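*Asks:* fold the following.
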Amino acid sequence: MPGMQFGIHVGPQNTTTDELRQLWRFADAHGFSWFSVWDHFYARTSDRIPHYEAVALLAALACDTQRIRFGCMVFAVQFRNIGLLAKSIVTIDHLSNGRLEVGLGAGWHEPEYRAFGYPFLSDRERLDQLEEGITALRRLLQEDAVTFEGRWIQLREARVYPKPLQPRLPLWIGGAGERRTARIAARHADGWNIPYVSPEGFRQKRAALEHWCEVEGRDPATLQIAVQVGLYMATEDDERTVSRLRERLVEQVGPQALEQPGWLIGGPDRISALLAEYHAAGADWINVTVRPPVDFEALQAFVERVMPHFAS
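*Replies:* Numbering: from 1, shown residues only. Reported below is the predicted structural model:
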């Protein structure tokens, strides 16, 4: 079985720009394939936790790394005019010498929409917005003059120049829905990032994606799939440490996280065993979510004692 590649996904909350720089430099230097931030105004648990903005961070990341591919997983499609987002993407792609990949999502955290004046529509309407957004964005990045008549997006002979350095800058869809989200990915995207599922849940969603690829007449091998899991890791597997990590997870995410799949808690041996289950389910790309403050000693143990088990 082929090996797995690993990425780091970070929520830029309750942190500093110095810590974020240290983290993406660490990823760039230690064999990770991917680095991403998320796109929110607020943390899940509080509107008072400090939180940085995604586009500005990606520009800094582009200039501060040399090797790693990176992006936002995911931009909420409602937060920015699609033409402005396209211009930002092109600029960052040039700053990075062609290493940017971009994720789009339908959004979910209603309090930030209400606070900043964005309508929080039904699930169906937000998914409609997502499909319009990725369609219009793809055209802006690749075509000369784009006219687009949608319900939420209207373009009139819109031009984005320069174009990205990459002939086809990869666009991802983020989300776990097996009907609409998976079909949007099959129809429009270069990758699907599936957050917080069990290994068996990953098998099921991969099967859903393959079904929609068949419906859309697309070879599923042309679309990448990544699994996003939460990483709460220590350097050792003792029970006291594991208990402390569970408490931290509840503090940062909420008590419901203990009942949800996709949260990896433990030391190197336990984390390796859990990742092996995803690998056996067919996952070859894992993005681990790291929440500040970052335990760099544990991350070093992940590099030295977990990642080698899954080398190709």
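
*Asks:* for the helix ranked longest in the chain, which outside residues touch it?
*Replies:* Scanning the chain for the longest helix, with DSSP state H as the assignment, gives helix 123-142. For helix 123-142, contacts defined as CB atoms under 8 Å, 6 or more residues apart in numbering pick out 77-78, 82-83, 85-86, 89-90, 102, 104-107, 120-121, 146, 148, 150-153, 155, 158, 160, 163-164, 168-169, 171, 173, 177, 180-181, 184, 187-189. (C-beta placed from N, C-alpha, C; glycine too.)

*Asks:* just the buried ones from these?
*Replies:* Neighbour-count burial (16 or more other CB atoms under 10 Å) applied to the contacts of helix 123-142 gives 77-78, 82-83, 85-86, 89-90, 102, 104-107, 121, 146, 148, 153, 155, 158, 160, 163-164, 169, 171, 173, 177, 180-181, 184, 187-189.

*Asks:* how near is the residue nearest to T241 when sequence neighbours are not counted to V10?
*Replies:* Leaving aside its chain neighbours, T241 sits nearest to A234 (4.3 Å; criterion: CB to CB, 6 or more residues apart in numbering). A234 sits 18 Å away from V10, going by CB to CB, to the nearest Å.

*Asks:* the worst-scoring helix or strand of the chain on mean pLDDT packs against which elements?
*Replies:* Lowest mean confidence among the helices and strands of the chain (mean pLDDT, DSSP states H and E): helix 239-253, at a mean of 88. In terms of contacts (3 or more CB pairs under 8 Å, 6 or more residues apart in numbering; DSSP states H and E), helix 239-253 is packed against strand 224-233, strand 263-266.

*Asks:* please identify the deepest-packed of those.
*Replies:* Across the helices and strands packed on helix 239-253, averaging neighbours per residue (mean count of other CB atoms under 10 Å) puts strand 224-233 on top, at a mean of 23.

*Asks:* strands paired with that strand, and their directions?
*Replies:* Using DSSP bridges, the strands paired with strand 224-233 are strand 191-195 (parallel), strand 263-266 (parallel), strand 285-290 (parallel).

*Asks:* and the helix or strand that the first one is followed by, what does it pack against?
*Replies:* With elements assigned by DSSP states H and E, the helix or strand that comes after strand 191-195 is helix 199-216. Counting contacts by 3+ CB pairs under 8 Å, 6+ apart, helix 199-216 packs against helix 180-188, strand 191-195, strand 224-233, helix 268-280.

*Asks:* can you report how many residues lie near G217?
*Replies:* 8 (other CB atoms under 10 Å).

*Asks:* no, scratch that, I was asking about Y161
*Replies:* With other CB under 10 Å as criterion, Y161 counts 7.

*Asks:* what's the answer for the one 5 residues further on, then?
*Replies:* By the criterion of other CB under 10 Å, Q166 has 15 neighbours.

*Asks:* wait, isn't it in contact with V90?
*Replies:* No: taking contacts as CB atoms under 8 Å, Q166 lies outside contact range of V90: 10.1 Å.
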